[in-house]
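Student: sequence first, predicted coordinates after that:
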Amino acid sequence: MDKVEEYIKRLEDEEWNVRSDAARALGNLVDSRAVGPLIKALGDEVAYVRRYAAKALGQLGEPSAVEPLIKALGDREKRVRSDAARALGNLSDPRAVEPLIKVIGDREKRVRRHTAWALGKLGDLRAVAPLIKALGDEDGDVRKEAAKTLEKLGDNPRAVEPLNKALGDEDWMIRESAAYALARLPDMRVVPALGKYYEKHFEKEKAEKLLREVIDRLAPLQRENIQHLPRLLCITCYRRPIVKKMKIGPLSSLKYAVCPQCGTSALARDIREVVGVVDGRTGHEIHDDTLYVRLWDNTAQECVYADIDRLEIREADGLRYDIIVNKLILTLHDRSGRGQDYLPGIPVQLLGNPDIPLGTRSLLEQQFREVTEKQ
């Protein structure tokens, strides 16, 4: 009997400390024969055994351990949950992303911290939003791990405001991680925040040097953006950008495009046309150089604003087109900021046979450029 077989046998020992030592040893031996017995040990009655079984499975690197470890994220013992999270991070399997996102709000700070670390190892952008939220965690270690992980995940414009706030954290490591993460974002909103941060924490010469490095990295991207006008679009707000100017030296300035709503300069390029769609669904799709935005959330009974070039109203069951059209006109009028010529410049196309009352049809014809039908 070799060592692996010996330790596998010890996983069945009556003494819990023998079983936990065996699980720890099997992780160090890294032999695939141990995977099945260790998965079984995740159900041991003693938490220490379950912990070391989870750790060992993370060391062994076998994909068959992913689902059992995901199940262990719901263990009643916090240390088992946290070690299962770390093990899933080590396994780097995308199946673990959504389950880990669910437990980043765990009641125990140890579990939240290890989950943030694991999401960083997985490197999946689906984790950005929950990690941004974790920057506001009551525990400093959780905030620190979330900031470090966002450094790795990088360029999501939604991270700017939470990271700006993290620059004022009481923990210097969190501030430093937030500053590093902001310096990597392709967004001009980071410049004033980092400028204040550098001025506060560095001597003047170094502060100016650090900020200049950030601007020098951003400048080529922003000059390219300007060349892509007017086909730039903020995918978060569905707004066409406006152009601003920043003084970057005594004799030079930088033009850059930003979303007029959220302020981001991380913009999608080559969006020639934006089509507003009413069909009872939500979200958006991009086909070639056209963005299709669903403007009506039938569950919330609310309109979504977008800077649209064309409107499609499609046949769909369960829609009150009279209510939708009235709310849509109000939304486009109130939020556009594009003047009185905006709606009269938008053509409307009715697709299929949407059940639009005559009065609503007449309202569409009054407010928009033209109304056409397509079966």
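Tutor: Thanks, I have it.

Student: any weak-confidence spans in the stretch 1-150 of the chain?
Tutor: 1 (pLDDT under 70).

Student: tell me where it has helices.
Tutor: Taking DSSP state H, counting those that start in this stretch, the helices of the stretch 1-150 of the chain run over residues 3-10, 16-29, 35-41, 47-60, 66-72, 78-91, 97-103, 109-122, 128-134, 140-153.

Student: just give me how far the fourth one sits from the chain centre.
Tutor: A distance of 30 Å separates the centroid of the chain from that of helix 47-60, by Cα atoms, centre = their mean, to the nearest Å.

Student: what helices or strands is it leaning on?
Tutor: Counting contacts by 3 or more Cβ pairs under 8 Å, 6 or more residues apart in numbering; DSSP states H and E, helix 47-60 packs against helix 16-29, helix 35-41, helix 66-72, helix 78-91. For glycine as for every other residue, the C-beta is placed from the backbone atoms N, C-alpha and C.

Student: then the fifth one?
Tutor: Helices and strands touching helix 66-72, by 3+ Cβ pairs under 8 Å, 6+ apart, are helix 47-60, helix 78-91.

Student: again with the second one
Tutor: Using 3+ Cβ pairs under 8 Å, 6+ apart as the contact criterion, the neighbours of helix 16-29 among helices and strands are helix 3-10, helix 35-41, helix 47-60.

Student: after the lengthiest helix in the chain, next one along is what?
Tutor: Longest helix in the chain, counting residues (DSSP state H): helix 204-227. Per DSSP states H and E, the first helix or strand lying C-terminal to helix 204-227 is strand 242-247.

Student: next, the angle from that next one to helix 204-227.
Tutor: With axes from the mean of the first three to the mean of the last three Cα atoms, to 10 degrees defining the directions, strand 242-247 sits at 150 degrees from helix 204-227.

Student: quick one: mean pLDDT over strand 242-247.
Tutor: On average, the pLDDT along strand 242-247 is 87.

Student: each with direction, which strands does whichever helix or strand comes after that strand pair with?
Tutor: Sequence-wise, the next helix or strand downstream of strand 242-247 (DSSP H and E) is strand 253-258. Strands adjacent to strand 253-258 in the sheet, as given by DSSP bridges, are strand 242-247 (antiparallel).

Student: quick check: the nearest residue to residue 235 once chain neighbours are set aside vs residue 291, distance?
Tutor: Distances taken as Cβ to Cβ, 6 or more residues apart in numbering put residue 268 closest to residue 235, at 4.9 Å, once the chain neighbours are dropped. From residue 268 across to residue 291, the span is 8 Å (Cβ to Cβ, to the nearest Å).

Student: higher neighbour count, these two?
Tutor: Neighbours per residue, other Cβ atoms under 10 Å: of residue 268 and residue 291, the larger number sits with residue 291, 22 against 14.

Student: residue 283 is in contact with that one, correct?
Tutor: No - using Cβ atoms under 8 Å, residue 291 makes no contact with residue 283, being 11.1 Å away.

Student: can you get me a residue count around residue 11?
Tutor: For residue 11, using other Cβ under 10 Å, the count is 21.

Student: got the contact list for it?
Tutor: 19, 22, 23, 26, 37, 38, 40, 41, 49 (Cβ atoms under 8 Å, 6 or more residues apart in numbering).

Student: give me the phi and psi for it.
Tutor: phi -60, psi -20 (degrees, to the nearest 10).
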